[in-house]
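> sequence and predicted model, in that order:
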Amino acid sequence: MAKVGLREWMALAPVFASGKLARYSDESGGPLARFEADFCTKFGVQHALTMSSGTGALISALVAAGVGPGDEVLVPAYTWIATAAAPLAAGAVPVLVDIDHTLTMDPQDILRKITPQTKAIIPVHMSNMVCDMDSIMRIARESNLIVIEDACQAVGLRYKTRRVGTIGDFGAFSFNQFKNINCGEGGAVVTDDARLFARARMYHDIGSMFRGHHDNASEPPMLGVNFKANQIQGAILNVQLKKLDPMIARMRERYNVMREIFAKNTRLTVGPHNDVGNAAGFHVIFETSEEAKRFAEESKRGVYRLFDSSRHVYTNWQPILQQRTGHPAMNPFLWTDRKIDYAPETCAQTLDILKRTCRISLGENYPVALVAYLARRMSKQAKSIPTNLFYATI
Ligand SMILES: *Cc1c(COP(=O)(O)O)cnc(C)c1O
């Protein structure tokens, strides 16, 4: 996470002095318009729109793309619950796809989960681990599916030469406090398609037919909600954006140090990555869940077993598992032509991987020497875990 401090604080003064805090109170577009222009340049994408959250960005993208009742949307079984909740907000239903050892959607399982009702895929770049976008885009093109990348947890990361979020039809980003850059709460949607962009912008602002967006004159106004961002968020994000690439560079340097140290350890496997040259997230995989559990318990801060990051595991998404919505009649599960099932064994491969995998923080704000010292200590500790541990399933 990029730190929020004095420079963000100073960037707020002119916004307060102007009194123009709302998205559309500043004729010039204000800090938000500046942020969106810089984001487009840095990310190499045509259109960007800041929003009140990453969830709002996902929902707006789905609605803009025409996803709705009767449609199935493929989402990974390991992600923040917002990814699976977004299709429901658009009237569609999420279908769970297993992850593989890269902690992202398993392309093989995507192929197994596609039905005639599948309309879109939301691949999630999880904890700065990027998806296998070549395979996903190939499958999507062959099956005529829309791709909305959820890059909320990987803002700025690259897959090969491109930034994640700019490869699919849409990309969604989050700027909440736990993400790579943040303004407390916030998000953005990006696309290269002018028409899709106009629709997402209309949806995020109850139709926005009063805003003078002449570029969407040919798009009939449609109803929407209010996911607008404010200029305070814009001012903070302008400062944060400058910190993004230096922070990712620090993460990658530490990733390489850690990988070299753990690669010599035969008790565990260093987690694979879909683009190891750009890797900025580190995980290790044990043979048994008991070893992973023990390793996480014995490590000091900065290590956790993925299965224990409970809310990111589909078996804990109660409102979705129980298929319960605000009003019983406004329930997208009533609008599908087959019964959608979220039984615990739906994604057994995902549970098995999460139980055996620990994530280790890269310590991007620590000196490299300290990171190397901690990694050596952790690696030694992993070696000392007894091998004859009881084969527990949890
Ligand atoms: C954070 C996050 C979101 C939603 O972001 P908010 O800004 O909190 O709404 C969506 N998907 C993933 C994978 C996330 O981590």
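Sure, I can see it. Quantities reported herein were computed from a predicted structural model and do not represent experimental measurements.

> leaving out chain neighbours, which residue sits closest to the closest residue to the ligand within the stretch 1-150 of the chain?
As assessed by C-beta to the nearest ligand atom, the ligand sits closest to G54 within the stretch 1-150 of the chain, at 2.7 Å. C-beta coordinates here come from the backbone N, C-alpha and C atoms, glycine included. Closest residue in space to G54, ignoring its immediate chain neighbours: S174 at 2.8 Å, by C-beta to C-beta, 6 or more residues apart in numbering.

> number of nearby residues for the residue of the stretch 1-150 of the chain closest to the ligand?
Per other C-beta atoms under 10 Å, the neighbour tally for G54 reads 28.

> now swap in L223 and tell me
By other C-beta under 10 Å, neighbour count at L223 equals 9.

> quickly find the element holding it.
For L223, there is no host helix or strand (DSSP states H and E).

> residues contacting the residue of the stretch 1-150 of the chain closest to the ligand?
By C-beta atoms under 8 Å, 6 or more residues apart in numbering, the residues touching G54 are 82, 150, 152, 172-176, 179, 186-187.

> surely the residue nearest to G54 touches G187?
Yes. In terms of C-beta atoms under 8 Å, S174 counts as a neighbour of G187; the distance is 4.9 Å.

> need the residues touching each of these two.
What both S174 and G187 touch, as defined by C-beta under 8 Å, 6+ apart, is the set 53-55, 57, 152.

> which one of these has the most neighbours?
With neighbours taken as other C-beta under 10 Å, the top of the shared contacts of S174 and G187 is A57, carrying 34 neighbours.

> avg pLDDT for the one helix or strand that one maps to?
Secondary structure from DSSP H and E places A57 in helix 54-64. Helix 54-64 comes out with an average pLDDT of 98.

> next helix or strand past it?
Downstream of helix 54-64 (by DSSP H and E), the next one is strand 72-76.

> now do that next one against helix 54-64, angle only.
Put simply, strand 72-76 runs at 150 degrees to helix 54-64, going by axes from the mean of the first three to the mean of the last three C-alpha atoms, to 10 degrees.

> elements contacting strand 72-76?
Contacts defined by 3 or more C-beta pairs under 8 Å, 6 or more residues apart in numbering; DSSP states H and E place strand 72-76 against helix 81-89, strand 93-97, strand 118-121.

> try it again at 10 Å.
Helices and strands touching strand 72-76, by 3 or more C-beta pairs under 10 Å, 6 or more residues apart in numbering; DSSP states H and E, are helix 54-64, helix 81-89, strand 93-97, helix 107-113, strand 118-121, helix 133-143, strand 146-150.

> quick one: low-confidence ranges for the stretch 201-350 of the chain?
209-210, 214-217 (pLDDT under 70).

> brain fart, the stretch 51-200 of the chain
By pLDDT under 70, the stretch 51-200 of the chain has no low-scoring segment.

> so which residues on it come close to the ligand?
Applying C-beta under 6 Å from any ligand atom, one finds that the stretch 51-200 of the chain approaches the ligand through 53-55, 79-80, 82-83, 124, 150, 152-153, 174, 176, 187.

> what's near enough to touch the residue most central in space within the chain?
Ranked by distance to the mean C-alpha position of the chain (C-alpha atoms, centre = their mean), the top residue is C152 at 3.2 Å. Counting by C-beta atoms under 10 Å, 6 or more residues apart in numbering, C152 touches 53-55, 57-58, 79-80, 82-83, 124-126, 165, 171-176, 178-180, 187-188.
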